[in-house]
Structures are given as structure tokens and as C-alpha cells.
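S.K.: Let me see the structure of the following:
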Amino acid sequence: MAALRGDPNKGAYEELTKFDPGYDAGLHTHTNDVWIVGIKGAYLYKDEDGEKRVGPGDFLRVPGGHKHWSGGDKAEGALFYTAGSAKFDLVPAK
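M.R.: Numbers count the residues shown, from 1 in each chain. Modelled structure (predicted):
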């Protein structure tokens, strides 16, 4: 992760995040909303409504407290912009 503005460990932030090919973040939630815009490859997202590929120019809002799985495309990984209005966390879910 590369911070563009703010500090995700303390409060509002904007950053670039890279997932290696096949990266698996597991099933989890975030306390606060997270906004994602794909830049390269594909950020993979799965929740109870199905699966989504967030590719270049695609937008996804992940509501705080929403259980989901995320990862990087198996061939290309993912590079994406992430923003949050409050501290970032990743809370493992069952």
C-alpha cells in the first residue's frame, strides 16, 4: 500500500493498493466504508449477492460491517485506488 493522503492507521485516507496474482484476503469485514477504483488487473470481490471483478475504471463501495471476500486476479493481480473516511481495518469473519 502507498498512501496518497492521510494515514489509514489513524483516520481518513487515500492510497494505492496492490494485490499479487492470486492473493486471497479471506472472508472479512471493515468497520468503515471503503471505496475502490480499479486501475490494473482485477480486484475480485465476493459476497452473498455474488462475485464482481473490479477492473480498470470500475468502482466498488464496500459498506462498513459488510462481510465479503476479496483477492487479486490469478493471472494479473490487482492495482487499485482505495479511499476511506476513517481508519482502515480488516476484521476476519467466519
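S.K.: Tell me who's in contact with residue 66.
M.R.: With contact set as CB atoms under 8 Å, 6 or more residues apart in numbering, residue 66 has these partners: 29, 30, 47. Heads up, the C-betas are built off the backbone N, CA and C, glycines and all.
S.K.: for residue 5, same thing?
M.R.: If a contact means CB under 8 Å, 6+ apart, then residue 5 has 12, 13, 14 as its contacts.
S.K.: again with residue 73
M.R.: Here residue 73 is in contact with 21, 41, 42, 43, 44, 53 (criterion: CB under 8 Å, 6+ apart).
S.K.: what does residue 8 give?
M.R.: Counting by CB under 8 Å, 6+ apart, residue 8 has contacts 1, 15, 84, 87, 88.
S.K.: tell me the least confident of these?
M.R.: Lowest in pLDDT among these is residue 1, which has 89.
S.K.: Once you drop chain neighbours, what's closest to residue 87?
M.R.: Spatial nearest neighbour of residue 87, chain neighbours left out: residue 11 (5.8 Å); criterion: CB to CB, 6 or more residues apart in numbering.
S.K.: The helix or strand harbouring residue 5 pairs with which strands?
M.R.: If you go by DSSP states H and E, residue 5 is part of strand 2-6. Sheet pairing for strand 2-6, assigned by DSSP bridges, gives strand 13-19 (antiparallel).
S.K.: ok now the very next helix or strand once past the strand it pairs with, how far from the chain's centre?
M.R.: Going down the chain from strand 13-19, the next helix or strand is strand 24-29, by DSSP H and E. Distance, stretch centre to chain centre, for strand 24-29: 10 Å (CA atoms, centre = their mean, to the nearest Å).
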